[in-house]
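Student: when you get a sec, could you give me coordinates for this:
(one chain, ligands or ions: 2)
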Amino acid sequence: MQQNSTPTASNSARLVGTVIAVQANFCQVQIDPDTLAVGGKLILCTRRARLQKIGVSAIVGDRVTIDEIDWQGSKGVVVDVFPRHSLLDRPPVANADRVLLVFALAEPALDPFLMSKFLVKAESTGLQVSLCLNKSDLVTDIQRQEWCGRLAEWGYQPIVISVENGIGVKELQIELDRQITVFAGHSGVGKSSLTNALIPDSNIRVATVSGKLSRGRHTTRHVQLFTLPTGGLIADTPGFNQPDLTCSPTELPGYFPEIRQRLATAHCQFSDCTHRDEPNCVVRGDWERYPHYLDFLADSIAWEQQLQSQPKIENNLKQKSSTGKKQYEPKLESKYRQISRHTILQSLDELSEELDDD
Ligand code: GDP
Ligand code: ZN
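Tutor: Ligands and ions are numbered 1, 2, ... in the order given. Next comes the predicted model:
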């Protein structure tokens with residue numbers, strides 16, 4: 001049937017897709033899966049000069065309109081970038097919905113303090129935060145239940161899996177459907193094994209991209225989205241794997257579900273309470289992660305002082321106009337509110353330079 005044949009340049013219309021990889025001046029765009037006849041196809045695109053001129057760049061996760069498609073060569077041109085609903089700076093990912101932190105129940109042993117640090121960092125993105133505990137085959141049911149109970153006190157319901165035994169992987173795959181999920185966690189927990197289990201056809205790792213775009217795809221700075229069979233997209237995040245805390249002391253309490261819960265039902269005497277040694281504080285108490293909070297508070301005070309001694313980051317691009325129409329670029333929660341498009345562009349420029357130097 002005509003509908004199933006590949007469109008030719010002459011009958012192609014503008015199509016919408018998601019940027020799944022970016023390097024130098026190219027981006028790989030996956031056409032929306034539900035697009036008739038060409039859904040899921042990968043198109044290697046340049047950006048229309050007009051977009052380049054006004055400084056609109058496309059990053060991984062961006063929703064874009066493409067045109068001038070050459071179906072033979074799978075090439076096209078990005079002509080518009082949709083407004084983003086979220087933006088991570090490191091790694092640069094647009095429109096992510098959730099951060100999935102992967103930990104192992106054993107080998108390496110779960111470290112509550114490190115996990116807490118990852119959780120706070122993940123919470124600071126403003127995205128939904130989920131916790132996945134791998135290697136359940138290495139612990140007893142009782143140990144597993146103990147951890148789940150403990151984490152429930154922290155405010156999290158972990159997804160327990162064993163990539164080795166195939167436990168929970170299908171359920172996780174379904175859960176990640178229709179979303180962009182950013183994976184994070186330190187090495188050795190089984191993130192690569194999990195990615196491979198979630199995406200059985202590992203050829204999908206943009207292996208079809210030739211030349212410049214394929215170079216450096218194993219470098220740590222490179223971000224790429226992988227498509228799950230269920231349609232979701234996942235990004236592994238090299239930049240996220242060292243959870244250095246960079247948030248202000250006033251933002252920090254919001255990153256602990258336990259504190260959010262306490263402040264939802266009661267108030268401290270002082271509205272700017274740091275929950276350290278002020279009188280009549282409803283947060284201070286003997287809950288498990290309170291010592292972690294105090295530790296991170298000291299870090300965040302140091303971070304803020306350091307920031308105040310540096311020049312301010314430019315942040316004047318919350319409204320942009322790429323089509324003549326005014327476009328609103330949504331602000332993100334917490335520190336990501338302060339990350340301008342300028343910063344993102346810088347990250348990409350650095351990446352391009354790195355690749356050019358290869
Ligand atoms: P990454 O550094 O987070 O990407 O971790 P890898 O995927 O490289 O896995 C680290 C090690 O853990 C490898 O030896 C894997 O075979 C092993 N591993 C991964 N998942 C599991 C699991 O569910 N159970 C067990 N016992 N080992 C696992
Ligand atoms: Zn307080």
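
Student: not counting sequence-adjacent ones, nearest residue to residue 304?
Tutor: residue 248 (5.1 Å; Cβ to Cβ, 6 or more residues apart in numbering). For glycine as for every other residue, the C-beta is placed from the backbone atoms N, C-alpha and C.

Student: and that neighbour, how far from residue 89?
Tutor: 16 Å (Cβ to Cβ, to the nearest Å).

Student: likewise residue 99?
Tutor: On the measure of Cβ to Cβ, residue 99 and residue 89 end up 13 Å apart.

Student: kindly report the same for residue 143.
Tutor: Counting by Cβ to Cβ, the gap from residue 143 to residue 89 is 37 Å.

Student: so the two - more neighbours on which side?
Tutor: Using other Cβ atoms under 10 Å, the more surrounded residue of residue 143 and residue 89 is residue 89, with 18 against 14.

Student: tell me which residues of stretch 283-302 come out buried.
Tutor: 283, 284, 287, 289, 290, 292, 293, 296, 297, 299, 300 (16 or more other Cβ atoms under 10 Å).

Student: taking those residues one by one, which sit in strands?
Tutor: Assigned to strands by DSSP state E, none of the buried residues of stretch 283-302 qualify.

Student: any chance of these in TSV, with distance to residue 252 too?
Tutor: Output for the buried residues of stretch 283-302, formatted as TSV (distance: Cβ to Cβ, whole Å):
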residue	distance to residue 252
283	11
284	14
287	15
289	12
290	12
292	11
293	7
296	6
297	6
299	9
300	5
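
Student: got the domain ranges for the chain?
Tutor: 15-86, 89-236, 252-309 (automatic domain parsing).

Student: can you pull the residues of the stretch 1-150 of the chain lying near ligand 1?
Tutor: 134, 135, 137, 138 (Cβ under 6 Å from any ligand atom).

Student: before we move on, back to that, got the phi/psi numbers for the residue nearest to residue 304?
Tutor: phi -80, psi 160 (degrees, to the nearest 10).

Student: do the same with residue 21
Tutor: According to degrees, to the nearest 10, residue 21 has phi -160, psi 150.

Student: residues near it, how many?
Tutor: 23.

Student: from ligand 2, how far off is it?
Tutor: Per Cβ to the ion, to the nearest Å, residue 21 is found 45 Å from ligand 2.

Student: got it, and residue 41?
Tutor: Counting by Cβ to the ion, the gap from residue 41 to ligand 2 is 54 Å.

Student: now do residue 39
Tutor: Distance from residue 39 to ligand 2, by Cβ to the ion: 52 Å.

Student: grab the nearest non-local neighbour of that residue.
Tutor: residue 33 (4.5 Å).

Student: mind checking the SS state of the one you found?
Tutor: Classification of residue 33 by DSSP: H, G, I helix; E, B strand; the rest coil places it in coil.

Student: check the secondary structure at the residue nearest the centre of the chain for me.
Tutor: By Cα atoms, centre = their mean, the chain has its centre lying nearest to residue 182, at 3.6 Å. Following three-state DSSP, residue 182 is assigned to strand.

Student: OK, contacts around it?
Tutor: 88, 91, 93, 96, 98-100, 125, 127, 234-235, 237, 240 (Cβ atoms under 8 Å, 6 or more residues apart in numbering).

Student: most neighbours among those residues, which one is it?
Tutor: residue 93 (29 neighbours).

Student: right, is the longest helix belonging to the chain up against ligand 2?
Tutor: When the chain is parsed with DSSP state H, its longest helix is helix 290-308. No - under the criterion of Cβ under 5 Å from the ion, helix 290-308 makes no contact with ligand 2; the nearest approach is 10.5 Å.

Student: and that helix, what does it pack against?
Tutor: Other elements packing on helix 290-308 under the criterion 3 or more Cβ pairs under 8 Å, 6 or more residues apart in numbering; DSSP states H and E are helix 112-123.

Student: buried residues in the helix or strand just after the helix it packs on?
Tutor: Using DSSP states H and E, the helix or strand that follows helix 112-123 in sequence is strand 128-134. Within strand 128-134, the residues that count as buried by 16+ other Cβ under 10 Å are 129, 130, 131, 132, 133, 134.

Student: list just the nearest of those to residue 270.
Tutor: Proximity of the buried residues of strand 128-134 to residue 270 (Cβ to Cβ) peaks at residue 129, which lies at 28.2 Å.

Student: contacts only, for that closest one.
Tutor: 98, 99, 101, 119, 122, 123, 156.

Student: for the stretch 201-350 of the chain, just list every one of the helices.
Tutor: 257-265, 290-308, 341-357 (DSSP state H, counting those that start in this stretch).

Student: assign residue 147 to helix, strand or coil.
Tutor: Reduced to three states by three-state DSSP, residue 147 is helix.

Student: from residue 68, how far off is it?
Tutor: 53 Å.

Student: now residue 161
Tutor: 44 Å.

Student: cool, residue 104 as well?
Tutor: 47 Å.

Student: neighbour count: those two, which is higher?
Tutor: Using other Cβ under 10 Å as the criterion, residue 104 and residue 68 rank with residue 104 on top: 23 against 15.

Student: for residue 29, which three-state class applies?
Tutor: strand.

Student: tally of neighbours for it?
Tutor: When neighbours are counted by other Cβ under 10 Å, residue 29 comes out with 30.

Student: wasn't residue 40 part of a strand?
Tutor: No - assignment of residue 40 by three-state DSSP gives coil, placing it outside any strand.
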